[in-house]
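# attaching a predicted model along with its sequence, questions to come.
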Amino acid sequence: MKQVLWALSTLFVAMQAARAQSGVAVYGVIDAGLVADRDSGESSTRVESGQQADSRLGVRGSEDLGGGISAIFNVASFISADTGQLVFANRIFGFQSWVGLAGRYGTLRVGRMFTPYFAAIDNNDPFDACGPGEATRIFADSGVRMDNTVKYTLPEGLGGFYGELAYGAGEVAGNSAGNRQLSMNAGYAAGPVNLQTAYHATNDVFGNNAARNHMLGGTYDFRLFKLWMALARSRNDATLDTRDALIGVSVSFGASVVAADYVHKHDRMRANSDATQVALGYYYYLSRRTNLYLVHSGLSNGSAASYQASVAGGARSLTSLGVRHEF
């Protein structure tokens, strides 16, 4: 209870500061929907948050320091719109929390933030790596966020080239390699083409490499429709070797968007541990910031796999009907 009251008071103070200062804004997303879930033969229906985008409440801002340099910050709470609870236990600003400097030579941020590897998955997933259709239901996602992170982002205006590099300090006493993470992405966007590659390495608490993730993705906008593709490999030196693949399509017409994708995981280390997901979604935009959505996905596992299923070899289907509003 004390934690919740402290969170509310902190957000209230931040909102008052946002009103008083130029360059500071309160922002957020509220997303909730009705979900029909069938997991390995067991069915349930419930209301859930974040079926298209993660619900959040945050404060962000910037200050012009002169000489083309600005101080920037962003803190955001990850919330469950269906219950009003904080999603990350003991993390008031678990969605992200960072401060940095931005200028003509790029942007440097310090704090808790998304990994460049996850950002690359998000960029190449027609479902924006969220909800029933997201690739990361079976794709390796690098953990989505990194704590204790220093991240550098290339500036704009590099002829279509862009990229990020991030280092996450493990902060294990006596072992600088323990829990350490390194993540990066690089891409090129010009006209209808966007190509991107990404890498992420994660160490365990002892400093051993727990996973190395490589990804190559891209989109091509044909005007009538947009094609999405991604290929990834995750491995270490002993227990992990998987290959992920995604192919998707999206079509926009009027106020509507239709998206679909096929995602497959192939496990080269364990027999009968592959998984496949097929998803289809429809979005209707009532305004630039508000839309309705209907998304369905079906996921099947090999006899030894249990991705998103309660039993090995299980299948799971999700259907979400909801509304998303940004402010």
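Looks like it arrived, so ask away.
# so for I121, what's the nearest residue that isn't a sequence neighbour?
A129 (5.4 Å; Cβ to Cβ, 6 or more residues apart in numbering). Any C-beta I mention is one placed from the backbone N, CA and C, and that applies to glycine too.
# now the helices: where do they sit in the protein?
2-20, 116-123 (DSSP state H).
# which one of those helices has the poorest average confidence?
Ranked by mean pLDDT, the helices of the chain bottom out at helix 2-20, with a mean of 53.
# who are the packing partners of the longest strand along the chain?
Secondary structure of the chain per DSSP state E: the longest strand is strand 24-39. Packing contacts for strand 24-39, counted by 3 or more Cβ pairs under 8 Å, 6 or more residues apart in numbering; DSSP states H and E, involve helix 2-20, strand 42-49, strand 56-66, strand 315-326.
# got a list of what the closest residue to S256 other than its chain neighbours touches?
In space, and not counting its chain neighbours, S256 is closest to Y284: 5.4 Å by Cβ to Cβ, 6+ apart. Contacts for Y284 were tallied using Cβ atoms under 8 Å, 6 or more residues apart in numbering; they are 255-256, 291-293.
# pLDDT and distance to L299 for those - can I get that in JSON lines?
Below are the contacts of Y284 laid out as JSON lines (pLDDT from 0 to 100; distance: Cβ to Cβ, whole Å):
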{"residue": "A255", "pLDDT": "97", "distance to L299": "30"}
{"residue": "S256", "pLDDT": "98", "distance to L299": "25"}
{"residue": "N291", "pLDDT": "98", "distance to L299": "24"}
{"residue": "L292", "pLDDT": "98", "distance to L299": "24"}
{"residue": "Y293", "pLDDT": "98", "distance to L299": "19"}
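# which of those residues are buried, as a ChimeraX select command?
Restricted to buried positions by 16 or more other Cβ atoms under 10 Å, the ChimeraX selection for the contacts of Y284 reads:
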select :291,292,293
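# neighbours around the closest residue to S234 other than its chain neighbours, how many?
For S234, ignoring the flanking residues on the chain, the nearest one in space by Cβ to Cβ, 6+ apart is A140 at 4.1 Å. Neighbourhood size, A140 [other Cβ atoms under 10 Å]: 24.
# before we move on, what about N301?
N301: 25 neighbours (other Cβ under 10 Å).
# residue contacts, the residue lying closest to it once chain neighbours are set aside?
Closest residue to N301 apart from its sequence neighbours, by Cβ to Cβ, 6+ apart: A275 at 5.0 Å. If you count contacts by Cβ under 8 Å, 6+ apart, A275 has them with 138, 264-265, 299-302, 305, 307.
# any idea how far A275 lies from A129?
Distance, A275 to A129, using Cβ to Cβ, to the nearest Å: 17 Å.
# shaky segments in this structure?
Residue ranges of the chain with pLDDT under 70: 1-22, 89.
# ok, H200 touching R180?
No: in this structure, H200 is not within contact of R180 by Cβ atoms under 8 Å, at 11.7 Å.
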